[in-house]
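# predicted structure and sequence below. I'll ask about it afterward.
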Amino acid sequence: MMENGDKRDITITNSLVAKIQLGLPSTVAKLGSKMRFIDQIAPKLRNSGVIRPIIKKVPLTLNATGIATASKTIPAFGGLLYSAGALRQDLSIQEGVIYQTFQDSLVDIDEADDIDITKKLKFVHIKQMYDLLEELLYESHKPELVIVDTPLILERSDEPLESHVNLHYDYVSCRERIEQFWKEHKNDIYPFNPNGVKVVSVSSKRFGSIFYGLTSDLTEKYLIDKIDTDKLTEFNMSFNKIKQVGIKKLLHGVLTRRTRTAAYEYDLLTSNNRLEPQFVRDLGVINFHFRAGMQTMPLLVEIIGHTGDWNTNSIDELTSDLISLFTIDQLKALPLPLWYASHGLKPIKTGTIIHYYKAQAQQMIKNEEVENIWTEEVDLFGEDNV
């Protein structure tokens, strides 16, 4: 509005030009400040042991399994139809050569309300993963390493409102499935069995970070790796400054090729451990980030255990296996078994199956096939009791 009361005619083009001219210097200044902070802190983190180098195994000999999940939803019948699948891909690698493979899979297709479908699919995927993992443990020839892309344990924030009856039922069912698995198979899993299968969850989510815990007085209690806190104190690294820079930028800046962060127990990040179920929470949850190449994403590793169950050597060995399973340095690269498993879920991701399912359901409703079947069953039931 101008001073004389007339309206100003400002097009979107003029607004964009003005914002670019005025905002660009400010944005560049903020990015420059954050990059300078990262450049200053990176050597301190490496010298103190917070960032640790990892050796890649060449050639690699390993029996590894990836369990990937995928889902697709489409609107239908006033709600949603969803398809959710999990695929297990085994790779037997000998001296860098894949000589044997195996696949197993599970698929669920159903209708659902559109109330927080993301949580429902998360519960479905976790249950599918544990079903495939449990079947694997009953086999005579087990892999040495299993890499999954779903969480191994639930967070308390995953619990829906009890008023969402169906979703709450799914949550309880998922929680009970996790607890049942670990009660029955704890002794088949490393580190509770020194010769057991290593089960690892990897993702790009931000399940907290060791950087938040470095200002805590309890750091040494919950860290797996020994770090030189004096060198960090010299830098006077503040929690607020880390939050301003952002964990994602910090991880990309300080994690170089074939490195990992120090491993830490989840209790380092919060005095109120809100993980479910409690049985698995009591077993402990350990996290660390690693990066295989300069183009790959930093990934978060989640494993079960306490500080007394894992040590620096066992974490380094695990990370070396994970990094050695990367065959390309690209943004969306994953450990090879998990990449193959994810690629195998393409029929789910494209949505072809769920659209066909919807079309068939519409046709059956149109032809009243289901109603006719139900009516026949009711009539037969009535005749049997005359």
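Everything's here; your move. Just so it is clear, the model here is predicted, and its values are computed rather than measured. Numbering: from 1, shown residues only.

# stretch 331-350: which residues count as buried?
Within stretch 331-350, the residues scored as buried using 16 or more other CB atoms under 10 Å are 333-342, 344-345, 348. Using the backbone N, CA and C atoms, a C-beta is placed for each residue, glycine as well.

# please list the residues outside that stretch that contact it.
For stretch 331-350, contacts defined as CB atoms under 8 Å, 6 or more residues apart in numbering pick out 64-72, 83-85, 87-91, 101, 103, 105, 107, 147-149, 202, 292-293, 295-297, 322, 325-327, 353.

# what of stretch 154-172?
So stretch 154-172 is in contact with 112-113, 115-116, 119-120, 122-124, 126, 174-175, 178, 274-277, going by CB under 8 Å, 6+ apart.

# among these, which lie within strands?
112, 275-276 (DSSP state E).

# just the buried ones from those residues?
Counted by 16+ other CB under 10 Å, those give 112, 275-276 as buried.

# domain map for the protein?
Per automatic domain parsing, the structural domains of the chain span 53-227+258-350, 352-381.

# and the longest one, how far apart are its ends?
Terminal residues of domain 53-227+258-350 are spaced 38 Å apart (CA to CA, to the nearest Å).

# off-centre distance for it?
Centre-to-centre, domain 53-227+258-350 and its host chain are 6 Å apart (CA atoms, centre = their mean, to the nearest Å).

# that one - what's its average pLDDT?
Average pLDDT, domain 53-227+258-350: 90.

# those strands in the protein, which residues are they?
51-53, 62-76, 79-94, 97-112, 145-148, 154-155, 198-203, 259-261, 264-265, 275-276, 285-291, 299-304.

# what helices or strands is the fifth one leaning on?
This means strand 145-148. When contacts are defined as 3 or more CB pairs under 8 Å, 6 or more residues apart in numbering; DSSP states H and E, strand 145-148 sits against strand 62-76, helix 117-137, strand 198-203, helix 312-324, helix 336-344.

# output those as a markdown table; include the columns distance to residue 170.
A markdown table is the format used below for those (distance: least, CB to CB, whole Å):
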| stretch | distance to residue 170 |
| --- | --- |
| strand 62-76 | 14 |
| helix 117-137 | 5 |
| strand 198-203 | 20 |
| helix 312-324 | 31 |
| helix 336-344 | 23 |
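
# so which of these is nearest residue 183?
Distance to residue 183, taken as CB to CB, is lowest for helix 117-137 among those, at 11.8 Å.

# angle of that closest one against helix 336-344?
Helix 117-137 runs at 130 degrees relative to helix 336-344, counting by axes from the mean of the first three to the mean of the last three CA atoms, to 10 degrees.

# any buried residues in helix 117-137, and which?
For helix 117-137, by 16+ other CB under 10 Å, it's 117, 119-133, 136-137.

# swap in stretch 304-323?
Buried residues in stretch 304-323 (16+ other CB under 10 Å): 304-307, 309-310, 314-316, 318-323.

# how far away is residue 138 from residue 188?
Residue 138 sits 9 Å away from residue 188, going by CB to CB, to the nearest Å.

# looking at the domains of the chain, which is buried most?
domain 53-227+258-350 (a mean of 18; mean count of other CB atoms under 10 Å).

# can you map out the helices along the stretch 151-300 of the chain?
Under the criterion DSSP state H, counting those that start in this stretch, helices of the stretch 151-300 of the chain are mapped to 165-185, 210-213, 219-222, 229-235, 239-245, 247-254, 278-283.

# wait, which of these is closest to residue 53?
Short answer: helix 247-254, nearest of the helices of the stretch 151-300 of the chain by CB to CB, at 12.5 Å.

# helices or strands next to the closest one in the packing?
Right, helix 247-254 is packed against helix 12-48, helix 210-213 by 3+ CB pairs under 8 Å, 6+ apart.

# turn those into CSV, including distance to residue 97.
Formatted as CSV, these follow (distance: least, CB to CB, whole Å):
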stretch, distance to residue 97
helix 12-48, 34
helix 210-213, 36
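
# least reliable of these going by mean pLDDT?
Looking at the helices and strands packed on helix 247-254, the bottom one is helix 210-213 with a mean of 70.

# what is the burial count for residue 257?
By the criterion of other CB atoms under 10 Å, residue 257 has 15 neighbours.

# how close does it sit to residue 185?
Residue 257 is 35 Å from residue 185, by CB to CB.

# again with residue 102
Noted for residue 102: a distance of 20 Å to residue 185, by CB to CB.

# for residue 165, same thing?
31 Å.

# likewise for residue 51?
34 Å.

# what does residue 193 give?
10 Å.

# likewise residue 109?
Residue 109 is 28 Å from residue 185, by CB to CB.

# coming back round to it: got JSON lines for the domains of the chain, with distance to residue 36 too?
Converted to JSON lines, the domains of the chain look like this (distance: least, CB to CB, whole Å):
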{"stretch": "domain 53-227+258-350", "distance to residue 36": "17"}
{"stretch": "domain 352-381", "distance to residue 36": "49"}
